[in-house]
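A.B. asks: model this:
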Amino acid sequence: MLVCLASTSPARRALLLQTGIDPRLESPGVDEERVIADLERARGAAVSPAEHVQVLATAKARAVASRLAEEGFAGLVIGGDSMFVRGERVYGKPHTAAAATERWREMRGRTGELFSGHCVIRVGSGEPAEAEAVATARVSFAADVTDAEIAAYVATGEPLEVAGAFTVDGRGAGFIERVEGDPSTVVGMSLSTVRRLARELGAEWTALWSASA
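C.D. replies: Model prediction:
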């Protein structure tokens, strides 16, 4: 069965490749800030982190699924979104070295929660069917991470464009002491959650494996 990832994230693609799935990549072209702003305006209240990532994951998957349906694609479209929360602070992508440095100084020795939204849509078998779910994982950072280590890590550029300014599948792994929950959630997508959602749509996990992956 064909699989399309509604994302151009190298980390999410690598995650699927490691499990034998070679996805097609499509940029969803979703204005994320506008989607959330419109929802909050309509409700008159802020959305929770769990709802935030789920709304965006669904918006991304639907945008790509709509385009692919027009070209006759038959398979699954997977959309995802992630957010890191510690206490009352929400940590998105820092984008700048200064922001990444500040966040790491705040996070060391502490624990936060990673929220990952998922939406899987089956296209090409009649009316599109979709399933969605949010996965979470708690991440604890080493307390002895030095300012020099933070500076060196930030200088690599790795933490600048990832939620929370850290990764568990790269240079940042050595600064993380414990992950509670599905480790792949921290990379950007819970594989166990994707497997369950695919099954809900009548697609077995093994049917997604590619001979070329």
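
A.B. asks: where does the closest residue to residue 161 other than its chain neighbours land in three-state SS?
C.D. replies: In space, residue 161 comes closest to residue 93 once its chain neighbours are excluded; the distance is 5.2 Å by C-beta to C-beta, 6 or more residues apart in numbering. (Each C-beta comes from the backbone N, C-alpha and C, glycine too.) The three-state assignment at residue 93 reads coil, by DSSP: H, G, I helix; E, B strand; the rest coil.

A.B. asks: pretty sure residue 93 is touching residue 160, no?
C.D. replies: Yes: in this structure, residue 93 is within contact of residue 160 by C-beta atoms under 8 Å, at 7.1 Å.

A.B. asks: ok, which stretches of this structure are helices?
C.D. replies: 10-18, 32-43, 49-70, 97-107, 147-155, 183-187, 191-200 (DSSP state H).

A.B. asks: Identify whichever of the ones you listed lies nearest to residue 131.
C.D. replies: helix 191-200 (4.2 Å; C-beta to C-beta).

A.B. asks: Please name every helix or strand in contact with that closest one.
C.D. replies: If contacts are counted by 3 or more C-beta pairs under 8 Å, 6 or more residues apart in numbering; DSSP states H and E, helix 191-200 sits against strand 111-123, strand 129-141, helix 183-187.

A.B. asks: Can you show me the CA trace of it as PDB?
C.D. replies: Only the C-alpha atoms of helix 191-200 are listed here, as PDB (Å, rounded to 0.1, in the frame of the first residue of the first chain):
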ATOM      1  CA  LEU A 191       5.000   4.600  15.300                       C
ATOM      2  CA  SER A 192       2.800   2.500  17.600                       C
ATOM      3  CA  THR A 193       0.000   5.200  17.200                       C
ATOM      4  CA  VAL A 194       0.300   5.200  13.400                       C
ATOM      5  CA  ARG A 195       0.100   1.400  13.300                       C
ATOM      6  CA  ARG A 196      -3.100   1.500  15.400                       C
ATOM      7  CA  LEU A 197      -4.700   4.200  13.300                       C
ATOM      8  CA  ALA A 198      -3.800   2.400  10.000                       C
ATOM      9  CA  ARG A 199      -5.400  -0.700  11.300                       C
ATOM     10  CA  GLU A 200      -8.600   1.300  12.200                       C
END
